[in-house]
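[1] Predicted structure and sequence below. I'll ask about it afterward.
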2 protein chains.
Amino acid sequence: MAKTKPVRKETAETMGARQREISVSEFFLKNRHLLGFDSPRKALLTAVKEAVDNSLDACEEAGILPAISVELRQLAETRYVVHVTDNGPGVVRKQVPKIFAKLLYGSKFHRLRMSRGQQGIGISAAGMYGQLTTGRATRIWSKTQRQAHAHRIAVQIDTKTNKPVILEDEEVDWVPTFSMDDPTTQPQTAVHGTCVSIEMEAAYVRGRLSVDEFLKQCAIVNPHLQLHYRVVLLPKKDPKNNGQDVLPGTEPPWCTFRRGVEILPPPSGEIKPHPHGVELGVLIQMLKDSGARTLKVALTQDFSRVSDKAAHYICDTAGLSPKAHPRRIAHQESEALFKAINAVKLMRPPTDCLAPIGEEQMLAGLQKEIKADFYTAVTRHPTVYRGNPFQVEVGLAYARPGENADLGHDDPVRVLRFANRVPLLYMGGGCAITRAVNTVNWKAYGLAQPKGGLPLGPLVIMAHMASVWVPFTSESKEAVAHYPEIIRELTFALQECGRRLSVYLNKRKRAAEAERKRGYIEKYIPHLALGLREVLQFDETEQDRVQQALQEMLERSHLQL
Amino acid sequence: MAKTKPVRKETAETMGARQREISVSEFFLKNRHLLGFDSPRKALLTAVKEAVDNSLDACEEAGILPAISVELRQLAETRYVVHVTDNGPGVVRKQVPKIFAKLLYGSKFHRLRMSRGQQGIGISAAGMYGQLTTGRATRIWSKTQRQAHAHRIAVQIDTKTNKPVILEDEEVDWVPTFSMDDPTTQPQTAVHGTCVSIEMEAAYVRGRLSVDEFLKQCAIVNPHLQLHYRVVLLPKKDPKNNGQDVLPGTEPPWCTFRRGVEILPPPSGEIKPHPHGVELGVLIQMLKDSGARTLKVALTQDFSRVSDKAAHYICDTAGLSPKAHPRRIAHQESEALFKAINAVKLMRPPTDCLAPIGEEQMLAGLQKEIKADFYTAVTRHPTVYRGNPFQVEVGLAYARPGENADLGHDDPVRVLRFANRVPLLYMGGGCAITRAVNTVNWKAYGLAQPKGGLPLGPLVIMAHMASVWVPFTSESKEAVAHYPEIIRELTFALQECGRRLSVYLNKRKRAAEAERKRGYIEKYIPHLALGLREVLQFDETEQDRVQQALQEMLERSHLQL
C-alpha cells in the first residue's frame, strides 16, 4: 500500500534532478478553476460562452451576419454534450487541431483589435475539460467557402506536451445532425460554417448565472445575431411506474432570438501599439523584432501616432542617429530612447478601432428586455489606459413601483456587465464595473444606498467596456481589473446617467405632488362654487359655469407643472 | 504615420494564416496583473514574497535552519533592486537559468507535497517583470555544498520562446556584497546558499499591504526563521539648499527578526494521488504513464490507499483482469475502471504529509505580535477536498478596551490569512478565509456584526490553511478559492474559537457586574454595621468586628463568582 514517502534530506543535486518543465496544459488542468471550470454548472456556461464568442468573432471578421445554434443535450444525470454551430467562414483543415486542442494558440493575441477572444485559451480549455471529465474527444465539423466538402475532426490534447492528438479526420457532408439555419423556416443548405461538439460533466440550472441568461444577454448586445437555442433533457423517470419514463423522450422545439438589425456592427480595425503605453522591455523586444532597417522607420512603422517629425525629435532627444539599426539600439541605448519617447508629446492612440454598442442600440436592447418606465444611455468618448484605447457605455432602466416584478424597491439594483459585447455573469464582486457603481454617490440622484454598496431600487444598470485589450482579472474572463482610468470613465458615465435619472425621479415626484394637490382642490371646487353662488346670488347655471371655469383653470395650471 | 489598418473581410484562409502559438511568457507579460505585478507597489511585495518562499522551501527540504536577508535598495524615484540571500542548499549551476528565467519550470508542480511554491512561475515572473520595466537581467549567486566556488549567473527570459538567455556566467567568491549571516554578530563565511537580485520599477510604501508587514507575518508563522531586513532609500533632496542631500547617504542598520525556536517544523512527506480525487482524464493519463506492467500493480503503486485486496475488488467490479496492461486499459476500459474505483470504499488519504503550525505555535506567534488580553487557537484534524489532504487552523487575540491602539472597538476585526505558512495580504475580499469569517454568526459569541460582513471588535483572527495543493484564485496566489470543504472546516474552527471567546467575554461581563455590585454593597457595609450596633447595642469594637466579618463574607462570595 502506497503511504507517505519517507522524508529524506535533499541536497542541491537531488533537488536539481527533480526540476522539470510544466506544460501549460498540465498547469491549467490542475488549476482549471482559473479558466472557469470549477463546478459542473459553471463549466457548462464557460464552454458555451467560449464557443459562441469564437463564432461571433469569426462571422464578424468575415463580414457574415451571424446565425448560431446552441444545443445542450443531456446524456446522463451529470453529463451533457454541448453543440455550437455557426454560419461563419469555417476553419481551414490544417488549423483545426491546434485551434481546438492546444492552449495558447490563436490569431487574436498578437494584435491590438477589439474582439471577444484575446487569449487563445478558451475553446481548447473547454475541450480539455470535457476530456478530463469524460475521456471523450472534441468533435469539429467545418467547411470553408472554397472547400468542396466539409471535414470532421476529433481531437484531444496531449496535456504533457500541450499538443493536439488527432483521433478522426474525414471528409463528410456538412453538419449532419444539427442545422444552423433557422429551424422554423425552410432549411437551407449552409455553404460554410463550423460546429463544435464537446461532451462534459455538467449541470444545467436556470437563473442569473445560467446559459439561458448568458444567451439572452448576448442577444441584447448583439442585435445582429440570429440565435437558436434548446436544451434536450433526459426524460424524468417515474418512481411509481417501475422507473418507466414519464414522458417519451421528445425533442423540444428550438427557442429563437430573432435578429433585430440586418447590418453588422461597424468593423473594428487593428492598431499598432502607442509608444506611451509600451514598457521598456517591450520596446527592446520590438526593436529586436523590427523589420525596419533604421530607427526612424521602426518608430514610424511599428508604432501608432509617430510622425516623421516626432521620430526625428525622439532621436535628437535621445542623442541617437535616426539611421541607426534598431537591433543595435535594442542592446545598448534602449533606455535613452525610452526616456526620449516618454518626453515627447504625441497624439493619443487612434480610437476608430473601437466599435461601441452605441446609445441607440443600448436603449433598444434595454427596452426590448427590461420592462421599465425610464430609460437612458451614455456612450463616453474613447480614452486610453496603459496605451490601449478603450470606451465605456452605461444604460439605465428604472421601473415604476409594481411595474416589474423582478425589480424590488428595496433590493440592490441589478448590474449587467459586458466586455467587448460579451456578458460577464460571475465574479461581479471583483469587477471594476461593480466597483464604479459602488463608488458613485447615488443618494444625490434620489436612490437609497448602503455605505460602500450597490444602490437600492427598481433599477437595471447596463455597463459595457470596449477595448483592443480588456484587462481581465483571470483567464476565465469574468471580471475587469481595477485600472483607475477604467473606473474613472465608468464613474463619469454612471454619473451622467444618474443625473438624468434624478431629473426623471424629481419630475415624477413633482407630478405625484401636484396630483395630490389637484385632488384636494378638486374636492373643494363644488363647495367653492356653491359658496360663490350664495354670496353672489348666482343661479344654478352660473354655478355650473363657475365650477367648470375653476376646473379648467386648475387643469391649465396642472399642465404647466 | 501609422493609422488604423483598413478593415478587410477575412476568409478562413486569411484567418488561418494568422494563427500562431503564444508563448506562456508572452501571455503572462501581457497579463502581468495575474501574477501580482499590476502596480509598482504590489510588484515589490510579490518579488520579495516569491524569493523568500523559495528560500524557505529550499532550506526546509535540505534540513537547514533558514537564515534569510532581504534588502530593498532604492536606485531612483521608482526603481529598486531587491536582494534576497539565503543559507540554503544552493542551486546546481545547470538548473539556475531555467529556475530563474523560464515560466512553468520547477520541482514542486508534479508532486503532492506541502510547500510554499507549487507552480513554477513565481521567481521567473519577478525576473521577467524586472526585465520588462528596467531592461536588466536577474542576477543569481549560488553555491552548493559540493562546489568549491560559487557561481554568478545573469539571465533574462526570451519571452517569445519562454527560454532563458544567459548573459553572464562565472565562478566567483561567494556572495560579495551582502551577507546572509546575522550582521549584528561576527560574520561567518557561508558555505552554501543562494542570492537573487532583481532590479525593477517599484514603490516602497509602509502599511498593511507592505513588504514590512509581509515579513513580520512571515516571522510569526515561521518561528524557526532568522530574518534580516533593511530598506536603503535614496537621500532626500533639500529643495531649499540647491537640491543638496539633506542627509549624507548612510547605510541604515539591519532589522532582525530573531529565531524563536531552534528546530525545523516536522518535515512534510510526499503522497501519491488518492483514487477518489482523480478525475477520469487524469486516470487515463496515469495509466498511460504508469511504469507498472499490470493493472493491479499500477493501482497499488501509483495511488495512495489501494491495498492488494482493494485492487482486486476494483478489477472484479470493473470486469477487468488484474493482469491487464495499464496502457491497454487507458484506451478502452477506463470508464468502467473509473466507476469501479469510485464504488469501492477506501481509507482517506494519508494526512501525515501535512505540517500545521500547531496550536501552541499559533498562540506564541499571536502573543508575541498582538497585544491583547485573551488568546486562543484551534488546529482542526486533517481532511480532504478533491482528493487533496488539507488542514486548517484558527487563532484569536482579543484586546480589552484601550489595550491596543491598533484595534478599535467599533472597527471590523483584523483577519491575518496564511496558506502553507505564507502570509496572504491582497485580495482578502475574494478569499475563502474571509468568506468563512463572514459566514459565522459572531453575534452568538458576543460581537456586533453587520449583515454578511466582518464582525466588529478589538479582535485579530489568524487563519492558516495547509495542504499538498492549495487552490488559489489566481497565479499570484493571493486568495484561497471557495471550495465548500475548505470553508466548512474553517467555519468549524472559527466557531470553536468563537465559543471560547464568548466564555471569556461572558466571564468578563460577569466580573464587571460583580465588581459593580460589590461597590454598592461595600458602600452600605459601614451603615449596616452602624445599624446593627444600634439595634443590638454593640460597642465600637463589636461594630468593627461585624464590619470586618461582613467585608470578608463579601470577598469570599466575590471570589466564588
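    All right, it came through fine.
[2] Okay, now the unreliable bits of chain A?
    When residues are selected by pLDDT under 70, those of chain A lie in A:1-8, A:174-190, A:237-250, A:532, A:555, A:557-561.
[3] So which elements touch the helix ranked longest in it?
    Determined from DSSP state H, the single longest helix within chain A is helix A:484-536. If contacts are counted by 3 or more CB pairs under 8 Å, 6 or more residues apart in numbering or on different chains; DSSP states H and E, helix A:484-536 sits against strand A:374-379, strand A:383-385, strand A:388-398, helix A:432-439, strand A:459-467, helix A:540-560. All C-beta spots, glycine's among them, are computed from the backbone N, C-alpha and C.
[4] Parallel or antiparallel, list what pairs with the shortest one.
    Sheet neighbours of strand A:383-385, with direction, are listed as strand A:388-398 (antiparallel) (DSSP bridges).
[5] and the angle for the strand it pairs with with helix A:432-439?
    Comparing the axes of strand A:388-398 and helix A:432-439 via axes from the mean of the first three to the mean of the last three CA atoms, to 10 degrees yields an angle of 50 degrees.
[6] quick one: whichever helix or strand comes after strand A:388-398 near chain B?
    With elements assigned by DSSP states H and E, the helix or strand that comes after strand A:388-398 is strand A:414-419. No - using CB under 8 Å from any CB of the partner chain, we find that strand A:414-419 stays clear of chain B, coming within 14.4 Å at best.
[7] Please apply the same query to stretch A:295-308.
    Yes - contact of stretch A:295-308 with chain B (CB under 8 Å from any CB) involves A:300-308.
[8] now those in CSV, with neighbour count and secondary structure?
    Formatted as CSV, those follow (neighbours: other CB atoms under 10 Å in any protein chain shown; DSSP: H, G, I helix; E, B strand; the rest coil):
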residue, neighbour count, secondary structure
A:300, 23, helix
A:301, 15, helix
A:302, 21, helix
A:303, 26, coil
A:304, 25, coil
A:305, 20, coil
A:306, 25, coil
A:307, 14, coil
A:308, 13, helix
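[9] Closest one of the residues you listed to residue B:270?
    Among those, residue A:302 lies closest to residue B:270 (CB to CB), at 49.0 Å.
[10] who's in contact with that closest one?
    A:272-273, A:286, A:290, A:292, B:2 (CB atoms under 8 Å, 6 or more residues apart in numbering or on different chains).
[11] can I get those in CSV with distance to residue B:113?
    Converted to CSV, those look like this (distance: CB to CB, whole Å):
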residue, distance to residue B:113
A:272, 47
A:273, 43
A:286, 41
A:290, 46
A:292, 51
B:2, 52
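[12] Among those residues, which pair sits farthest apart?
    Greatest spatial distance among the contacts of residue A:302 (CB to CB): A:273 and A:292, at 14.6 Å.
[13] Give me the more crowded residue out of these two.
    Between residue A:273 and residue A:292, counted using other CB atoms under 10 Å in any protein chain shown, the more crowded position is residue A:273 (21 against 15).
[14] pretty sure that one contacts residue A:304?
    Yes - in this structure residue A:273 lies within contact range of residue A:304 using CB atoms under 8 Å: 6.9 Å.
[15] Confirm residue A:27 sits in a strand?
    No - Residue A:27 is assigned helix when assessed by DSSP: H, G, I helix; E, B strand; the rest coil, not a strand.
[16] wait, what's in contact with it?
    Here residue A:27 is in contact with B:104, B:109, B:119 (CB under 8 Å, 6+ apart).
[17] rerun at 10 Å
    Residue A:27 sits next to A:34, A:103, A:159, A:162, B:24, B:103-104, B:109, B:119-121, B:475 when contact means CB atoms under 10 Å, 6 or more residues apart in numbering or on different chains.
[18] Among the residues you listed, which lie within helices?
    Using DSSP H, the contacts of residue A:27 in helices are residue B:24.
[19] Now render the contacts of residue A:27 as CSV, adding distance to residue A:348.
    Listed next are the contacts of residue A:27 as CSV, based on distance: CB to CB, whole Å:
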residue, distance to residue A:348
A:34, 34
A:103, 35
A:159, 43
A:162, 39
B:24, 32
B:103, 33
B:104, 37
B:109, 43
B:119, 38
B:120, 39
B:121, 34
B:475, 32
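[20] Out of the contacts of residue A:27, which comes closest to residue B:388?
    The nearest member of these to residue B:388, counting by CB to CB, is residue B:109 at 13.9 Å.
[21] what number of residues lie near the residue nearest to the closest one when sequence neighbours are not counted?
    Excluding the flanking residues, the one nearest residue B:109 by CB to CB, 6 or more residues apart in numbering or on different chains is residue A:22, at 4.7 Å. The number of residues packed near residue A:22 is 21, by other CB under 10 Å.
[22] ok, now residue A:262?
    Using other CB under 10 Å: residue A:262 sits among 8 other residues.
[23] out of everything not next to it in sequence, what's closest to it?
    residue A:65 (6.9 Å).
[24] which residues sit in contact with that neighbour?
    A:59, A:87, A:224-226, A:259, A:261-264.
[25] do you know how far residue A:450 is from chain B?
    9 Å (CB to the nearest CB, to the nearest Å).
[26] Might you report the residue contacts of that residue?
    With contact taken as CB under 10 Å, 6+ apart, residue A:450 is in contact with A:412, A:438, A:456, B:450-451.
[27] Was I right to think residue A:396 contacts residue A:494?
    Yes - using CB atoms under 10 Å, residue A:396 makes contact with residue A:494 at a distance of 8.7 Å.
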